[in-house]
Structure formats: structure tokens, C-alpha cells
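Participant: Any chance you could fold what I've pasted below:
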Amino acid sequence: MKIVSGKILKLLGWKIVGNFPNINKSVVVMAPHTSYWDFVLGRLYLDAVGRSNNTLMKKEIFIFPLNILMSKLGAIPIDRGNKKISYVSQLKSIFNERDEFNLFIAPEGTRKQTTRWKKGFFHIAKEADVPILLSYIDYKERKIGIEGIVNDTSSIESTMKEVNKFYKNKNAKYPENFALDKRFQ
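Facilitator: Have a look, this model is predicted:
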């Protein structure tokens, strides 16, 4: 599938940039996220570079037979309503249990316009003590890849400033729906 996915991206006019770092565990920020096509292109990219995909989905989606498909696509059921254990703690446990786990999160939380990003990706990376990788799909430049890494998650302010700086010149499919987190500029 690796060769096929790479060829499909190339036929569609996309260029893979950067290398997926040789890191077994990370939180991967996916931005800008303004289109359903982001998922399709992202899957092709991950297949082309030979990496697995893990994303969060609410546990209510995991009913038969949909649960089989969701699991094969790397979706992880998360119980957001569990008052006894936070989703950050649930994910920290998964990071601790697995030898390899790269969790992909779209912190914008929606494909619609927003000026505030959800900070779960930061808290998960900090609690699990893993780096944050910065991935992107740039529709104007027709580039897809991972070119940034944030190792220091001691401060949300410094992390978000670094994230904003990285994504500042990335071009979404629907640019009117993409905005950086204005609180950290």
C-alpha cells in the first residue's frame, strides 16, 4: 500500500515533505483542518510513509459493525462523559501500555472557523511525556508532511506560540475557516 498511496498523492499533484521522525510515541497536531479531504489526504500520506494512524472518536460510534471499521482505521474510543477518569488520563494509560503510539489530533476541533484551539493535545503530550509533532496539508503549495517538533511542553504559552509560528503560513483548503489561536500570538 505504501507505494500505491505515494503514487496516488503524486498523481493528484501532492508532494510529501519532511520525514516522519523516528519516534515511537507522539501527539501529532493536524492543521489546518477545514475539509473532509484532510482525512483522505492524511491517510494517503500515512500509508505512503508507512506509519499507523490513531485518532480519537467518541465511544458511542463504536457499535457493531461500525466499530470494526473504526478500529481498522486507527480510531480509539474515548469516553468523554466519564467523570471518574479524564480523557487525558485515559490516553496517558494508552501511551504507557503501547510500544508505539502516534496520536493524531486536529486541535481546531471543527472544520468551521474558530479563533480558539482546544488544548487537549498539549495536556496529553505533557501528561504522557511525549513530543508534539506538527503536521500539515498546504493546499496552495500542494505539500503534505511533518516538519515541526515541540519537545518542551512545560508551558502552554510557549508551546502555543511555537505552534502558531509554525502554522502561520500554511494554507487550508478553505482559508476563511482557518485561524490560529489568537490568545497566543
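
Participant: rest of the way, CA atoms for contacts and neighbours
Facilitator: Noted.

Participant: Would you mark the buried spots in the lowest-mean-pLDDT helix or strand in the chain?
Facilitator: Here the helix or strand of the chain ranked lowest by mean pLDDT, DSSP states H and E is strand 54-58, holding a mean of 77. For strand 54-58, the neighbour count (16 or more other Cα atoms under 10 Å) marks Asn54, Thr55, Leu56, Met57 as buried.

Participant: Next SSE downstream of that strand?
Facilitator: Sequence order places helix 66-72 as the next helix or strand after strand 54-58, per DSSP states H and E.

Participant: For that following helix, list every residue counted as buried.
Facilitator: Neighbour counts over helix 66-72 (16+ other Cα under 10 Å) mark Asn67, Met70 as buried.

Participant: So for the helix or strand following it, mean pLDDT?
Facilitator: Counting by DSSP H and E, the next helix or strand C-terminal to helix 66-72 is strand 75-78. When pLDDT is averaged over strand 75-78, the result is 79.

Participant: Dump strand 75-78 to CSV, restricted to CA.
Facilitator: Output of strand 75-78 as CSV, limited to C-alpha atoms (Å, rounded to 0.1, in the frame of the first residue of the first chain):
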residue,chain,number,x,y,z
ALA,A,75,-9.8,5.2,15.8
ILE,A,76,-9.7,4.9,19.6
PRO,A,77,-13.0,5.1,21.6
ILE,A,78,-12.8,7.8,24.2
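
Participant: So which elements touch that strand?
Facilitator: Counting contacts by 3 or more Cα pairs under 8 Å, 6 or more residues apart in numbering; DSSP states H and E, strand 75-78 is packed against strand 54-58.

Participant: List the pairing partners of the strand it packs on within its sheet, with orientation.
Facilitator: Applying DSSP bridges to the sheet, strand 54-58 is found paired with strand 75-78 (parallel), strand 101-105 (parallel).

Participant: ok, residues contacting it?
Facilitator: The contact list for strand 54-58 (Cα atoms under 8 Å, 6 or more residues apart in numbering) reads 73-80, 101-105.

Participant: change it to 7 Å
Facilitator: By Cα atoms under 7 Å, 6 or more residues apart in numbering, the list of residues contacting strand 54-58 from outside reads Gly74, Ala75, Ile76, Pro77, Ile78, Asp79, Arg80, Asn102, Leu103, Phe104, Ile105.

Participant: returning to what we had before: make a markdown table out of the strands paired with strand 54-58 and add mean neighbour count and distance to Lys168.
Facilitator: A markdown table is the format used below for those (neighbours: other Cα atoms under 10 Å; distance: least, Cα to Cα, whole Å):
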| stretch | mean neighbour count | distance to Lys168 |
| --- | --- | --- |
| strand 75-78 | 20 | 29 |
| strand 101-105 | 21 | 18 |
